[in-house]
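Enquirer: coords please:
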Amino acid sequence: MNHIIHLIRLPKKPKSAPRPPRVNKPSQPSDGATLQEDEEILAPVKTVDIKVGIAIQKARSAKKLTQKDLATLINEKVKSIADFENGSAPINNAILGKLERALDVKLRGKNIGAPLEHKK
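Expert: Sure thing, here's the model as predicted:
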């Protein structure tokens, strides 16, 4: 039994020229001013007040919800609920609105912790 094996050689793809490495250039402000290294660029992020966190905790415990239950209810992460409760979360009106509706308690403006008035 003689088996004949044929090898077919395909032409190689031509290699493209090597690209030079990309170098990130520091951005300049549009007004032409330059930034000094010792200048403070970012302002501190405003976080929710601790009164809001206490109101969330009280309303959540009154409804007998865990942080995980509440997070699932409003489609957020448990960490964000914990951050809101301890006052370290940045102010996020979208999440505060979800929390207000889920807990039926006011979390923005005046009378934080008061029952939420439903519009008819």
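
Enquirer: mind listing what the spatially most central residue of the chain touches?
Expert: Nearest residue to the geometric centre of the chain (Cα atoms, centre = their mean): Ser80, 8.8 Å. By Cβ atoms under 8 Å, 6 or more residues apart in numbering, the contact set of Ser80 is Ala71, Ala89, Ile95. In short, each C-beta sits where N, CA and C put it, glycine included.

Enquirer: switch the cut-off to 7 Å
Expert: Contact analysis of Ser80 by Cβ atoms under 7 Å, 6 or more residues apart in numbering lists Ala89, Ile95.

Enquirer: for the protein, longest helix please?
Expert: Ranked by residue count, the top helix of the chain under DSSP state H comes out as helix 50-62.

Enquirer: coming back round to it: using the three-state scheme, assign the residue nearest to the centre of the chain.
Expert: Following DSSP: H, G, I helix; E, B strand; the rest coil, Ser80 is assigned to helix.

Enquirer: go on, the one 4 residues further on?
Expert: Look at Phe84: counting by three-state DSSP, its state is helix.

Enquirer: my guess is it contacts Ile56. True?
Expert: Yes. Between Phe84 and Ile56 there is a contact at 5.7 Å, judged by Cβ atoms under 7 Å.

Enquirer: the residue nearest to Leu65 when sequence neighbours are not counted and Ile4, how far apart?
Expert: If the residues on either side of it in the chain are set aside, Leu65 comes closest to Leu73, at 7.3 Å by Cβ to Cβ, 6 or more residues apart in numbering. Distance of Leu73 to Ile4, computed by Cβ to Cβ, to the nearest Å: 71 Å.
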